[in-house]
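Chemist: dropping the sequence and predicted coords here.
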Amino acid sequence: MYGYMGMILRVNLSERKVKKEELDLNIAQKYLGSRGLGVKILMDEVDPKVDPLSPDNKLIIATGALTGAPVPTSGRYMVITKSPLTGGIAIANSGGKWGASLKATGHDLIIFEGKADKPVYLCIEDDKVEIRDADHVWGKTTEEATKILQDEVKDSNVLCIGPAGENLSLIAAVMNDVDRAAGRGGVGAVMGSKNLKAVVVKGTKKVNLYDEERVKEVSSNKIKILREDPVAGQGLPSYGTAVLVNIINENGVFPVKNFQEAYTADADLISGETLAEKHLVRKNACFRCPIACGRVVKLADGSVVGGPEYETIWAFGADCGVFDLNAINEANFLCNEYGLDTISTGATIAAAMELYQRGYIKDEDIEADGLSLKWGDPKAITGWVKKMGLKEGFGAKLAQGSYRLAESYGVPELSMTVKRQELPAYDPRGIQGHGINYAVNNRGGCHIKGYMINPEILGYPEKLDRLALEGKPAYTKVFHDLTAVIDSIGLCLFTTFGLGLHDYVEMYNAVCGDIYNDETLLEAGERIWNLEKLFNLRAGISSSEDKLPKRLTEDPIPEGPSKGHVHHLSELLPQYYVARGWDENGIPTEETLKRLGLEDYIKYLGLAEA
Amino acid sequence: MIKVEVRLFATFREGRGKKQILYLEEDTEISEVLNKLNIKTEEIGILLLNGLDGSIDRKLKDGDVIALFPPVGGG
């Protein structure tokens, strides 16, 4: 078998049993790997109406087809499960070294079922797989737990949850290699609900290559393209994604104070340029990555830790009215330590700050915590992260995310979420295609699975007018499908700065066998997107939830270069459904499912609600 | 005379600072501003005029703000 290792681990935590199963190659190739394969397994094995934090949910941790292979950025893996935050599919992606390390043990993916009766961790050393007690690391932060476990299993890579996942925070992340995160959708809570603290991996096996000579040639060609691309080769390594702060702000689409504003004169204080100048120690790369967008920064106390992405800088920065990079770096570090999704955590604090601004949250509600919810308070962003991670005081409420918080005060519209997941760092009122992505994304408020910022702001692969409506729905669909491909083959989305669909076909075919062409590979992405949609429909997430917060469709941006604009979703949404081959209610048609080889799932269309 | 603000970002700041105020003849084109700043068209990743896509042949007006970025990106 080429590309794939051919082995699945099925771990029943209730019975403390590990079973090895052969990977069905046809299914693996049809759904590509990690995201696609994980969704397929979840769809077939889990009732989508299940309580996500019950033992009946399954947690799938999966590598991609090319993870571990000698092609650039082949370090990615994903966590797939039913999200306790949105109630739909969770598909969280992470880099670092852990994914390649799992593949090197000879396993493509792990399915966790049930719930252990006390804290455990899974240890995989090549063929040796053991469920071990984890009492001694339960309660420990990411760094502490990782250190202890790496001491027990030398030269291993550690994936774990922090206290937030243990405490079932709906915005808890799964961490790996200390500062990388499969962040969104509350996947950390699912892991915590199973009493599973960590997965420790150490492997020596190599991926079998279909055509070794071709792999070498193709790989070196793609590395060259990435090195010569100005973004992948210079911009990202120099500034990281933080470079977006000034770009997004200059376009007037930089959300400030929970999307009440979209432009600030203070953006440069928290920009990638300032981060590089004042706090950066060095850049960091994932497994086999020539781009190295990762940041390593020095905190105010002198410690050297993983630094923030653009989204994180925004969520704890502009979204909370804070323009202090020291505080933001600290908040990022604390999120890693407690195991929290930085986007949802910062955005939830921002929502709380607006609720406080408007008098819903009162001083007496937060008095005991000794922290404020005033806009711009740097102590608030670091202080509340800790309380959220430990589920302490008012932090326990915040740990459930902004939607449930705002809803509890009767004003859910003040939570800037879609399908209960917090929107990331771009104001869709000034970026029409990206707004479609926000509204229809299968995992709720998400930027990256349909990153229309690339064409609409950055000009990749071509520059579109961000305010135009024409052509945006169909373009967004292509981005959704292509992202599903790149996710599922285990490569990094930042290869799109330089590479195109055909490059992925070349890499897949050289490693796994001549199976795909441009058309059929993109179609595999479309297949995965439709399967996710079916899961969501069965879970009870109807297309009526393909919408944006009222503020973004009704209140124009008040100031700045994009002043006066709203998002025109009502005009764009029907066109997206048409582009998808779905009916006017946003339900996949029989014809579309047949075309995509999803006939087995047509039976679920009757149960789907409009 | 018109007054124009040029905002420089990322590597464009090297040797040029973060911001420059220029006093120019009426109808000066953006391309002339680039010449003044010693920035070649090929070096530009993003060119914004008052926050919207700008083109180098555009004639400037009093109070215009130009933002210049080399090719940079993220996610």
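Modeler: Everything's here; your move.

Chemist: number of nearby residues for residue 52?
Modeler: Unless you meant another one, I'm taking chain A. Residues contacting residue A:52 under the criterion other Cβ atoms under 10 Å in any protein chain shown number 25. Bear in mind the C-beta positions are built from the backbone N, C-alpha and C, glycine included.

Chemist: ah, I was thinking of chain B
Modeler: For residue B:52, the neighbour count with other Cβ under 10 Å is 14.

Chemist: ok, residue B:25 next?
Modeler: 9.

Chemist: do you know the pLDDT at the nearest residue to it once chain neighbours are set aside?
Modeler: Take residue B:25 and drop its neighbours on the chain: the residue closest to it by Cβ to Cβ, 6 or more residues apart in numbering or on different chains is residue B:1, 7.2 Å away. Looking at residue B:1, its pLDDT is 92.

Chemist: what's residue B:1 in contact with, if anything?
Modeler: By Cβ atoms under 8 Å, 6 or more residues apart in numbering or on different chains, the contact list for residue B:1 reads B:23-26.

Chemist: of these, closest to chain A?
Modeler: residue B:24 (20.5 Å; Cβ to the nearest Cβ).

Chemist: I'd say the closest one and residue B:6 touch.
Modeler: No - at 10.4 Å, residue B:24 does not count as touching residue B:6 under the criterion of Cβ atoms under 8 Å.

Chemist: okay, and the common contacts of those two?
Modeler: residue B:33.

Chemist: what's the neighbour count on residue A:517?
Modeler: Residue A:517, neighbours per other Cβ under 10 Å, totals 13.

Chemist: between residue B:24 and residue B:6, point out the one with more neighbours.
Modeler: Taking other Cβ under 10 Å, residue B:24 and residue B:6 do not tie; residue B:6 has more neighbours (23 against 17).

Chemist: list the contacts for whatever residue of chain B ends up closest to chain A?
Modeler: Residue nearest to chain A within chain B: residue B:51 (2.0 Å; Cβ to the nearest Cβ). Contact analysis of residue B:51 by Cβ under 8 Å, 6+ apart lists A:250-252, A:560-562, B:65, B:67.

Chemist: can you flag which of those belong to helices?
Modeler: Mapping the contacts of residue B:51 onto helices (DSSP state H) picks out residue A:250.

Chemist: of the contacts of residue B:51 - the most surrounded one?
Modeler: residue A:251 (27 neighbours).

Chemist: what sits closest to that residue if chain neighbours are left out?
Modeler: Closest residue to residue A:251 apart from its sequence neighbours, by Cβ to Cβ, 6+ apart: residue B:51 at 5.5 Å.

Chemist: please apply the same query to residue A:539.
Modeler: If the residues on either side of it in the chain are set aside, residue A:539 comes closest to residue A:48, at 3.8 Å by Cβ to Cβ, 6+ apart.

Chemist: ok, and the closest non-adjacent residue to the most centrally placed residue in chain B?
Modeler: Nearest residue to the geometric centre of chain B (Cα atoms, centre = their mean): residue B:66, 4.2 Å. Among residues not flanking residue B:66 along the chain, residue B:6 sits closest, at 4.8 Å (Cβ to Cβ, 6+ apart).

Chemist: distance of the one you found from residue A:468?
Modeler: From residue B:6 across to residue A:468, the span is 26 Å (Cβ to Cβ, to the nearest Å).

Chemist: which secondary structure elements does whichever strand or helix holds residue A:336 sit against?
Modeler: Residue A:336 belongs to helix A:325-338 when assigned by DSSP states H and E. When contacts are defined as 3 or more Cβ pairs under 8 Å, 6 or more residues apart in numbering or on different chains; DSSP states H and E, helix A:325-338 packs onto helix A:142-152, helix A:272-278, strand A:304-306, helix A:310-316, helix A:342-357, helix A:378-390.

Chemist: run the last query once more with 6 Å
Modeler: When contacts are defined as 3 or more Cβ pairs under 6 Å, 6 or more residues apart in numbering or on different chains; DSSP states H and E, helix A:325-338 sits against helix A:310-316, helix A:378-390.

Chemist: let's have those helices in CSV, adding mean neighbour count, mean pLDDT and distance to residue A:119.
Modeler: As requested, the helices and strands packed on helix A:325-338 are exported to CSV (neighbours: other Cβ atoms under 10 Å in any protein chain shown; pLDDT from 0 to 100; distance: least, Cβ to Cβ, whole Å):
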stretch, mean neighbour count, mean pLDDT, distance to residue A:119
helix A:310-316, 30, 98, 29
helix A:378-390, 23, 98, 17
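
Chemist: residue A:38 contacts residue A:62, doesn't it?
Modeler: Yes - counting by Cβ atoms under 6 Å, residue A:62 is a contact partner of residue A:38 at 4.6 Å.

Chemist: which helix in chain A runs the most residues?
Modeler: helix A:518-539.

Chemist: now that one: how far from the chain's centre is it?
Modeler: Remark: helix A:518-539 is offset 17 Å from the chain centroid, using Cα atoms, centre = their mean, to the nearest Å.

Chemist: would you mark the buried spots in that helix?
Modeler: Buried residues in helix A:518-539, counted by 16 or more other Cβ atoms under 10 Å in any protein chain shown: A:521-539.

Chemist: now the helices for chain B?
Modeler: Assigned by DSSP H, chain B shows helices spanning B:30-37.

Chemist: what does it have sitting close to chain A?
Modeler: Residues of chain B lying close to chain A by Cβ under 6 Å from any Cβ of the partner chain are B:9-10, B:48, B:50-51, B:67, B:69, B:71-75.

Chemist: chain center to the helix holding residue A:336, what's the gap?
Modeler: Relative to its parent chain, helix A:325-338 has a centroid offset of 18 Å by Cα atoms, centre = their mean.

Chemist: rounded mean pLDDT for that helix, please.
Modeler: Across helix A:325-338, pLDDT averages out at 98.

Chemist: give the contact list for the closest residue to chain B within the stretch 251-400 of chain A.
Modeler: Chain B sits closest to residue A:252 of the stretch 251-400 of chain A, with a gap of 4.6 Å, by Cβ to the nearest Cβ. By Cβ atoms under 6 Å, 6 or more residues apart in numbering or on different chains, residue A:252 lies in contact with A:262-263, A:430, A:560-562, B:51.

Chemist: cutoff 8 Å now
Modeler: A:262-263, A:427, A:430, A:557, A:559-563, B:51 are the contacts of residue A:252 under Cβ under 8 Å, 6+ apart.

Chemist: try residue A:605
Modeler: Shown in contact with residue A:605 (Cβ under 8 Å, 6+ apart): A:587-588, A:590, A:593.

Chemist: between the residues you listed, which has the most around it?
Modeler: Busiest of the contacts of residue A:605 [other Cβ under 10 Å] is residue A:588, holding 25 neighbours.

Chemist: hang on, isn't residue A:561 packed against residue A:247?
Modeler: No - applying Cβ under 8 Å, one finds residue A:561 not in contact with residue A:247, separated by 11.8 Å.

Chemist: those residues of the stretch 101-250 of chain A touching chain B, which are they?
Modeler: When proximity is defined by Cβ under 8 Å from any Cβ of the partner chain, the stretch 101-250 of chain A lies next to chain B at A:229-232, A:234-236, A:238-244, A:246-247, A:250.

Chemist: isn't there a strand covering residue A:296?
Modeler: Yes - according to DSSP: H, G, I helix; E, B strand; the rest coil, residue A:296 belongs to a strand.

Chemist: is it in a bridge, and if so with what?
Modeler: residue A:282, residue A:306 (DSSP bridges).

Chemist: was I right about it contacting residue A:303?
Modeler: No - here residue A:296 lies out of contact with residue A:303, judged by Cβ under 8 Å, at a distance of 10.9 Å.

Chemist: which one's more surrounded, those two?
Modeler: Set residue A:296 next to residue A:303 and count neighbours by other Cβ under 10 Å: residue A:296 wins out with 15 against 10.
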